[in-house]
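> build me a model:
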Amino acid sequence: LDHPRDKPGAAAAAYEDLRWLGFDWDEDYVQSERKPLYRAALEKLHAAGLVYPCVCSRADVERAQSAPHVGEQLFYPGTCRGRFATWADAAAAIAPRLPAWRFRVAAGTRVAFVDNFYGPYEQDVAGALGDFVLARDEGGAGYTLAATLDDCLMGVTEAVRGDDLLGATPGQILVARALGFEPPAYCHVPLVVSSDGFRLAKRHGDTRIAAAREAGIPPETVLGLLAWWCGWAAWGEQVALRGLLPRFNLASIPKTPVVLTEEVKVLLRIA
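A predicted model of the protein is given here:
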């Protein structure tokens, strides 16, 4: 989601990185320009009694946990169900902080689907998540609602993304169906992590695509590394993007997270 607090130039830099690697595209969208669509979807869900405003902070939800949670997935027991008649009432109760919209999950709700990489996946949404956050914007422009609606309206047939979002997918499937859509197929692949097992961050060095470009590394080297991680190329092989098309094979991608080793850091000149 683009947001007023986004770093100036970040979007342009992302386009530049993609072009440098050899990608092109037919269309691009800015989600802030699609807010009327998100608001209309939210109003439809609200009219059906499927969303409500919530003033609980993450700290509030963490304190309410009756069992340990994993990663970013927190169970929400429905504390604010029926508490506020409108978003404005909720906002007034916690000003200047803003409420969130939560999706009401019926008791016993379970979702099962077959991920095109991970395989069969099932989640007791009511028991594992409870009423999950749909958006942190009055008009509904939050990730869960916006990403789900965009996929459905754009006719996306397969969403490929990191497996850190696997646990959030059943909720997105519920939202899509509540809006009258059949969701796309999903394909969740492992993340690249550091040697300590955590997602890449500044403490692990400058891992931006732009940093490799600025260091004079050819795009074919970066693509070759990505292909090596996927099992599509030899170590150190330089490959152009179009040269990877005939090598594409989901089955060769490792099922475990890919590790940014010291050897890789030397290749990419990561300090």
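> residue contacts, the residue most central in space within the chain?
Among the residues of the chain, the one closest to the centroid is Leu165, at 5.4 Å (Cα atoms, centre = their mean). The contact partners of Leu165, taken as Cβ atoms under 8 Å, 6 or more residues apart in numbering, are His188. No exception for glycine: its C-beta is placed from N, CA and C like everyone else's.
> does it fall in a helix, a strand, or a coil region?
Under DSSP: H, G, I helix; E, B strand; the rest coil, the three-state class of Leu165 is helix.
> please enumerate the strands of the protein.
Secondary structure of the chain (DSSP state E): strands located at 51-54, 100-103, 110-115, 119-124, 132-135, 158-162, 185-189, 192-193, 258-259.
> return the residues in contact with Arg34.
141, 146, 150.
> out of the strands of the chain, which comes closest to Gly231?
With Cβ to Cβ as the measure, strand 258-259 is the member of the strands of the chain nearest Gly231 (10.5 Å).
> which strands border the closest one, and is each parallel or antiparallel?
Note on strand 258-259: by DSSP bridges, its sheet partners are strand 192-193 (parallel).
> quick one: mean pLDDT for the strand it pairs with?
Model confidence over strand 192-193 averages 92 on the pLDDT scale.
> now neighbour count, pLDDT and distance to Val258 too, for the contacts of Arg34, in a markdown table please.
Compiled in a markdown table, the contacts of Arg34 are given as follows (neighbours: other Cβ atoms under 10 Å; pLDDT from 0 to 100; distance: Cβ to Cβ, whole Å):
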| residue | neighbour count | pLDDT | distance to Val258 |
| --- | --- | --- | --- |
| Ala141 | 22 | 86 | 32 |
| Ala146 | 22 | 94 | 28 |
| Asp150 | 15 | 96 | 27 |
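> hmm, Arg58 is touching Gln65, no?
No. Taking Cβ atoms under 8 Å as the definition, Arg58 is not a contact partner of Gln65, at 11.1 Å.
> which residues are common contacts for those two?
Contacts common to Arg58 and Gln65, judged by Cβ under 8 Å, 6+ apart, are Leu74.
> in the lowest-mean-pLDDT helix or strand in the chain, what counts as buried?
When the helices and strands of the chain are compared on mean pLDDT, DSSP states H and E, helix 58-63 comes out lowest with a mean of 87. By neighbour count on 16 or more other Cβ atoms under 10 Å, the buried set for helix 58-63 is Val61.
> now that helix - C-alpha only, PDB.
Taking C-alpha atoms only, helix 58-63 is exported to PDB below (Å, rounded to 0.1, in the frame of the first residue of the first chain):
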ATOM      1  CA  ARG A  58      -1.700  -4.800  19.500                       C
ATOM      2  CA  ALA A  59      -0.500  -4.600  23.100                       C
ATOM      3  CA  ASP A  60      -4.100  -5.000  24.300                       C
ATOM      4  CA  VAL A  61      -4.600  -8.100  22.100                       C
ATOM      5  CA  GLU A  62      -1.200  -9.600  23.300                       C
ATOM      6  CA  ARG A  63      -2.300  -9.200  26.900                       C
END
